[in-house]
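K.L.:
Got a predicted structure plus its sequence, pasted below:
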Amino acid sequence: MTDVPGDDARTADDARPWNRQRLRSNNERLLLARLRAEGPASRAQLARDTGLSKPTVSTALAALEEAGLVREAGWQAPPDRGRVAVLYEPDPTAGYVLGLDIGRSWLRVAAADLDGTVVARSDVRNSGRSAAAMADLTVAAARRVVADAGVDPALVAHTVVGAPGVYDPERRRVRYAVNLPGWGRAGLLDRMREELGTPLSVHNDANLAALGEYTFGAGRGSMLFVFVMVGTGLGMGVVADGRLFTGAHGAAGEIGFLPTLPNGGRDLEDAVAGGAVVRTARELGMAHPGSAKDVFDAAREGVEPAVAAVRQEAERLAHVIAAVAAVLDPDLVVLGGGLGGGADLLLPPVTTTLHRIGPLRPRVRASTLGEDAVLMGAVATATEEARERVFTRSRETP
């Protein structure tokens, strides 16, 4: 988590000495965690599951209900014809979040409740000719999405921005965002936070895509999986035991900077990203390939230069995956990004090449979220942060 300075991410309880109020807060957190993890429950069931006494559970539930954090979710008829038990669940409308995916071609924005359910979204062409214009477009789109959802802006508890590069909290700017010129300008993200009026965190897009696939897509249940994003650039996110691994300085997964020796000093991003597919197809004789999508479409029609270009791309990707497997030993590799739409053509030769070049052969699958992977990762990350903020805010309300 990298918060843009100007917002203290610590909870109020972290600074308080142990007292009765803190004990009550911890009990309420415990009940909320149980309800979120395992679904609606009655007072008696919550007491059994948490070890709290029934009076303590009743008091905590009453406080949570009064604060708007839980609500009744129906009734449960006991098997012995005893009293009907009221079921409780967290109220997802207690707060909302914004997820922002800022890419070179598209700006994607979603508003979601505290369950992570998207209530409104918008996809806007990135027509900004400068980083400032791009930020303005994003803020305007976010405001429209909140309005379209019918949500009070004051209830938006957190915003997460996904974009290429790595956020540097000391310099308060993004580094390595080579595909978004000007995006590393100091003060840009601070201005977005101020204009949106919410706490705001910044994350690398490949990392968020990895979290999105882990939470909602192909990575669910994986012990250690890697998301390889291939599009305008090349990036990677690593999720181990449900947690994102970012390295000592937040740059873990920046595999695009790895050099490749056989091609005169190009780095992997230049050799593997979408532009490489177009360049290879042109070199092999394909007439006027305008984009990687054009190449993949032509390959499906059997156009030989396009078929050969896709095959070369798959072989390069297989070498990337083999290198990653040798270092991390993942049980799953997910391919996504702009080239993810060509996974039907890429996966067979990727698998064949992996079996040919080495003994480490992790499962390789296509992203199930497609172009929404970064956005849904932003929503999932924002939701985790917002739940604590909403809880703390509700306990501070007189």
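P.N.:
Yep, it's here. Note that this is a predicted model, so its numbers are computed, not measured.
K.L.:
If I follow the layout properly, P305 ends up in contact with G285?
P.N.:
Yes. At 4.6 Å, P305 counts as touching G285 under the criterion of Cβ atoms under 8 Å. (Each C-beta comes from the backbone N, C-alpha and C, glycine too.)
K.L.:
of these two, who's got more company?
P.N.:
Shown here are P305 and G285; by other Cβ atoms under 10 Å, P305 has more neighbours (19 against 12).
K.L.:
and the more buried one, what does it touch?
P.N.:
P305 makes contact with 281, 284-286, 298, according to Cβ atoms under 8 Å, 6 or more residues apart in numbering.
K.L.:
per-residue pLDDT, it?
P.N.:
We have a pLDDT of 95 for P305.
K.L.:
Secondary structure class of it, three-state.
P.N.:
Assigned state for P305: helix (three-state reduction, DSSP: H, G, I helix; E, B strand; the rest coil).
K.L.:
Over to R365?
P.N.:
Each residue gets one of three states, and R365 gets strand by three-state DSSP.
K.L.:
list the contacts for the nearest residue to it once chain neighbours are set aside?
P.N.:
On the basis of Cβ to Cβ, 6 or more residues apart in numbering, the spatially nearest residue to R365 that is not a chain neighbour turns out to be A218, at 5.1 Å. Going by Cβ under 8 Å, 6+ apart, A218 touches 332, 334, 365-369.
K.L.:
and R71, that one's in a strand?
P.N.:
Yes. Applying three-state DSSP, one finds R71 inside a strand.
K.L.:
surely it meets E65?
P.N.:
Yes. Between R71 and E65 there is a contact under Cβ under 8 Å: 6.8 Å.
K.L.:
Can you flag the buried ones in the contacts of A218?
P.N.:
The neighbour count (16 or more other Cβ atoms under 10 Å) marks 332, 334, 365-369 as buried among the contacts of A218.
K.L.:
if we can go back for a sec, CSV for the contacts of A218, including pLDDT?
P.N.:
Listed next are the contacts of A218 as CSV, based on pLDDT from 0 to 100:
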residue, pLDDT
L332, 95
V334, 95
R365, 94
A366, 94
S367, 94
T368, 94
L369, 95
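K.L.:
between those, which is closest to A120?
P.N.:
Nearest to A120 among the contacts of A218, counting by Cβ to Cβ, is L369 at 18.2 Å.
K.L.:
residues in contact with that closest one?
P.N.:
Taking Cβ under 8 Å, 6+ apart, we find L369 in contact with 209, 212-213, 216-218, 336, 376.
K.L.:
10 Å instead?
P.N.:
Residues in contact with L369 (Cβ atoms under 10 Å, 6 or more residues apart in numbering) are 209, 212-213, 215-219, 227, 334, 336, 340, 375-377.
K.L.:
and if you look at G212?
P.N.:
99, 101, 162, 218-219, 227, 237, 336, 367-369, 372-381.
K.L.:
contacts for the helix or strand bottoming out on mean pLDDT in the chain?
P.N.:
Ranking every helix and strand in the chain by mean pLDDT, DSSP states H and E puts helix 268-272 at the bottom, with a mean of 82. Helix 268-272 is contacted from outside by 178-179, 228, 230, 232-235, 254-260, 262-263, 266, 275-276, 279-280, 312-313, 316-317, 319-320, 323, 339, using Cβ under 10 Å, 6+ apart.
K.L.:
If anything else comes up later, I'll come back, but that's it for now.
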